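**Student:** mind folding the following:
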Amino acid sequence: MGGPDYVTGVNNIQYTAQFGNGVSATIGLDDPTVFNRTAVWNIANGINASGTGTNAYSGVHAPDIVGNIRVDQAWGLFQISGMAHLVSATYNTLGAGGSATALSEISGHPDDKWGGAVTAALQIKNLPTGAGDDIKIDATYAKGATKAVISTSGATPNFAMFGSTGVAGGYQSVGLGNSADGLYLPGAAGTGGIILTS
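**Tutor:** Residues are numbered from 1 along each chain as shown. Model (predicted):
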């Protein structure tokens, strides 16, 4: 659990400008393929017991646009970061497991939608509690960029929560969940396109 997990690095290009007095700004383009995509559920094929449909994330159409403004001082650090992330889906009609069928291409697909994330972070150094003590806090809001908030180094993060075991060998309650960048239900009674996850 936590913010982005870039354990093997991300292909990117960035430019940082130093303005003096510890103030800097960075803008860049990141490859979203490995770490910044969860799933786009096409729920036309139904929902399974863990709440997932058919993953219909399409190929990458645009890089993630990222940037930050940062202030590094003797007292600590303050930073605001942002990311724009394009969420795109394959087709309205899909076979089992998200495979294409003879009808997939002519069924069309929902329009791409831009999502993103914003993070604010603060570090306060030189606390009176002891040498080297500091406080760090950050908050992130994401819409259509779920891995900016909940991340793993693998694919879509999924969750299972188990209640107490009052009965021998069994759980009193089980909760399952998954994460996604968005979902859609094609057709006249559908969602009218991709709904981004907040």
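**Student:** after the lowest-mean-pLDDT helix or strand in the chain comes which helix or strand?
**Tutor:** Least confident helix or strand of the chain, by mean pLDDT, DSSP states H and E, is strand 158-162 with a mean of 69. Using DSSP states H and E, the helix or strand that follows strand 158-162 in sequence is strand 174-178.
**Student:** doesn't residue 44 lie inside a strand?
**Tutor:** No: assigned with DSSP: H, G, I helix; E, B strand; the rest coil, residue 44 falls outside any strand and is helix.
**Student:** that one: neighbour count?
**Tutor:** Burial of residue 44 is recorded as 18 neighbouring residues (other Cβ atoms under 10 Å). No exception for glycine: its C-beta is placed from N, CA and C like everyone else's.
**Student:** give the contact list for it.
**Tutor:** 53, 54, 92, 93, 94, 185, 186, 187, 190 (Cβ atoms under 8 Å, 6 or more residues apart in numbering).
**Student:** local confidence estimate at it?
**Tutor:** In this model, residue 44 is scored at 85, pLDDT.
**Student:** can you name the residues in contact with stretch 113-130?
**Tutor:** Here stretch 113-130 makes contact (Cβ under 8 Å, 6+ apart) with 3, 74-88, 133-145, 148-149, 181-182, 193-194, 196.
**Student:** now restrict those residues to buried residues only.
**Tutor:** Buried members of those, scored by 16 or more other Cβ atoms under 10 Å, are 3, 76-79, 81, 83-88, 140, 142-145, 148-149, 181-182, 193-194, 196.
**Student:** out of those residues, which are inside strands?
**Tutor:** If you go by DSSP state E, the buried ones among the contacts of stretch 113-130 have 76-79, 81, 83-87, 140, 142-143, 182, 196 in strands.
**Student:** mind picking the two most distant members of the residues you listed?
**Tutor:** Greatest spacing in those, by Cβ to Cβ: 76 and 182 (36.1 Å).
**Student:** residue 185 touches residue 191, doesn't it?
**Tutor:** Yes: using Cβ atoms under 8 Å, residue 185 makes contact with residue 191 at a distance of 4.8 Å.
**Student:** what about those two, which has more around it?
**Tutor:** Each of residue 185 and residue 191 has its neighbours counted (other Cβ under 10 Å); residue 185 has more, 17 against 14.
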